[in-house]
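Chemist: Sequence and computational prediction follow.
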Amino acid sequence: MSGPSRLRATTLPPLRLSHGAVRLGALCAFIVAVGMVPGRLSPDGAWAWVLLLKTPPEVQILPTGAGELRKPESANLEAYSGMGWLPDSQHYLFAGNESGRGSRVYKQSMMGGKAEAITPEGFSSVSTNIPISPDGSRFMVFEQSARLWRICQVAGGKCSPSPGSEERDIPLSWSADGGSIFVGQTQPKSVIFKINLSTGHRELWGEVRVADPVGIISPLPAAITPDGKSYAISLTRHLDTLYVATGSN
């Protein structure tokens, strides 16, 4: 199989929880009720990173099953632009900025302690996702002044150009073998590319298709599995109703 035939849109299966714990649907309802921005599940599925919409914003880590809510030590950020879990499900990266300062990427442990700045100011996440390599050593981030995507080291923060990347790319996920990264674009069509990080070769992996496209404007590629076989999208549907009014003279 090659090209677009590799991809299939998928309805994500319900999360399986142990010990008769709270269902994921209930957790999502709670997130919406208290005014949180949903983040991402940890690789082991045990935790959900969310952002509480207050001033300043506050990060909370919610258990998907039995467990206690965790509140990491505040990084005193004015705004957040994205996050990503490291493979151990105990540490994560996030991008944001302090008041009056430029955005940068931080690393923090959910076990406690202050956030550690990895990059200098001027690095952000264009989407809510910071893709991290399968071995947890590298991540993809956007350098604002150069308008370029960079591949940076988690240890030390050294960054280098991301070969084959384009400014309008939306990073989705590292490939399972760590040698490529999947990115999306929405214009002129919603598509997904696979970029070889050694050669910079861009391969069109597939076009995002919606079964019922009525009222949908540029569905946004939101996630893809590391094997590149299934993806999820985010979309907004605009529908209008036409009414006919009649009256008697």
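Modeler: That came in fine, so what should we check first? Numbering: from 1, shown residues only.

Chemist: C-alpha from now on. contacts and neighbour counts both.
Modeler: OK.

Chemist: Please, which helix or strand holds the closest residue to Leu41 other than its chain neighbours?
Modeler: Nearest residue to Leu41, sequence neighbours excluded (CA to CA, 6 or more residues apart in numbering): Ala48, at 4.5 Å. Assigning secondary structure by DSSP states H and E places Ala48 in strand 47-52.

Chemist: follow-up on the earlier one: tell me the pLDDT of the residue nearest to Leu41.
Modeler: With respect to pLDDT, Ala48 scores 88.

Chemist: what number of residues lie near it?
Modeler: 21 (other CA atoms under 10 Å).

Chemist: Make sure it is actually in contact with Thr64.
Modeler: Yes - here Ala48 reaches Thr64: they are 6.7 Å apart, a contact under CA atoms under 8 Å.

Chemist: Which parts of the protein are helices?
Modeler: 24-33 (DSSP state H).

Chemist: Out of the helices and strands in it, which is least certain?
Modeler: Every helix and strand of the chain was ranked by mean pLDDT, DSSP states H and E. The lowest is helix 24-33, at a mean of 42.

Chemist: Tell me who's in contact with the closest residue in space to Ser165 that isn't next to it in sequence.
Modeler: Setting aside the residues directly before and after it, Ser165 is nearest to Trp149 in space (CA to CA, 6+ apart), at 6.5 Å. Trp149 is in contact with Met140, Val141, Phe142, Glu143, Pro161, Ser162, Ser165, Glu166, Glu167, counting by CA atoms under 8 Å, 6 or more residues apart in numbering.

Chemist: same deal with Gln153?
Modeler: Gln153 neighbours (CA under 8 Å, 6+ apart): Ser137, Arg138, Phe139, Cys159.

Chemist: Quick check on those residues: which are buried?
Modeler: Among the contacts of Gln153, the ones that count as buried by 16 or more other CA atoms under 10 Å are Arg138, Phe139, Cys159.

Chemist: what bridges to the residue most central in space within the chain?
Modeler: With distances taken as CA atoms, centre = their mean, the chain has Asn129 as the residue nearest its mean C-alpha position (2.4 Å). Listed beta-bridge partners, Asn129: Met83 (assigned using DSSP bridges).

Chemist: ok, back up a step: which members of the contacts of Gln153 occur in strands, if any?
Modeler: Under the assignment DSSP state E, the contacts of Gln153 contribute Arg138, Phe139, Cys159 to strands.

Chemist: What sits closest to the second one if chain neighbours are left out?
Modeler: On the basis of CA to CA, 6+ apart, the spatially nearest residue to Phe139 that is not a chain neighbour turns out to be Ile132, at 4.3 Å.

Chemist: swap in the last one?
Modeler: If the residues on either side of it in the chain are set aside, Cys159 comes closest to Cys152, at 4.0 Å by CA to CA, 6+ apart.

Chemist: now do the first one
Modeler: Spatial nearest neighbour of Arg138, excluding adjacent residues (CA to CA, 6+ apart): Gln153 at 4.6 Å.
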